[in-house]
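K.L.:
here is a sequence together with a model predicted from it:
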Amino acid sequence: MRFLDKLRALFSPQSGSSRLDVAVRCNRCGEVVRTQVDLHNDLSVQYGQGGTYYYWRKGLVGSGQNRCFQQTIVEYTLDADRRVIERRADGGSFVDQEG
């Protein structure tokens, strides 16, 4: 039984800072679309004169339940320590995780 507990702990998500939760509301139908960003694998590193930063861009589409398939483009810019500097949502707006 201890072996299975160790195996489960190995493959279960770690709590803490390795994921960023994103939730946006579509401007057209109002559906809230949620996703997660893996801060260690999903980011693109950008090198510039101002230093190193990370960038993430994704097109999110709702379930289609409201017959709306409009894409919301979400963009995040993060600093070298993977803290959010800037975020934008084209075609939608950000909502808190409770909303």
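P.N.:
Structure received.
K.L.:
and Gln65, what's its pLDDT?
P.N.:
Per-residue confidence (pLDDT) for Gln65: 88.
K.L.:
tally of neighbours for it?
P.N.:
As a burial measure, Gln65 scores 8 neighbours (other C-beta atoms under 10 Å). (Each C-beta comes from the backbone N, C-alpha and C, glycine too.)
K.L.:
which one is it nearest to, not counting chain neighbours?
P.N.:
Among residues not flanking Gln65 along the chain, Glu31 sits closest, at 7.1 Å (C-beta to C-beta, 6 or more residues apart in numbering).
K.L.:
residues in contact with the one you found?
P.N.:
Contacts for Glu31 (C-beta atoms under 8 Å, 6 or more residues apart in numbering) come out as Arg25, Gly62, Ser63, Gln65, Asn66, Cys68.
K.L.:
swap in Thr35?
P.N.:
Asp21, Val22, Lys58, Leu60, Val74.
K.L.:
do the same with Arg88
P.N.:
By C-beta under 8 Å, 6+ apart, Arg88 lies in contact with Ile73, Val74, Glu75.
K.L.:
and stretch 84-97, what's its mean pLDDT?
P.N.:
Average pLDDT, stretch 84-97: 92.
K.L.:
determine how far it lies from the middle of the whole chain.
P.N.:
In terms of C-alpha atoms, centre = their mean, to the nearest Å, the centre of stretch 84-97 is set 10 Å apart from its chain centre.
K.L.:
thought Val37 was touching Tyr76?
P.N.:
Yes - counting by C-beta atoms under 8 Å, Val37 sits close enough to Tyr76 to count as a contact (6.9 Å).
K.L.:
hey, what's in contact with both of the two?
P.N.:
Leu20, Val22, Trp56.
K.L.:
contacts only, for the second one.
P.N.:
By C-beta under 8 Å, 6+ apart, the contact set of Val22 is Arg34, Thr35, Gln36, Val37, Val74, Tyr76, Phe94.
K.L.:
the residue lying closest to the first one once chain neighbours are set aside: helix or strand, and which one exactly?
P.N.:
When you say that, I think you mean Arg34. Nearest non-adjacent residue to Arg34, counting by C-beta to C-beta, 6+ apart: Ala23, 4.7 Å away. Per DSSP states H and E, Ala23 falls inside strand 19-26.
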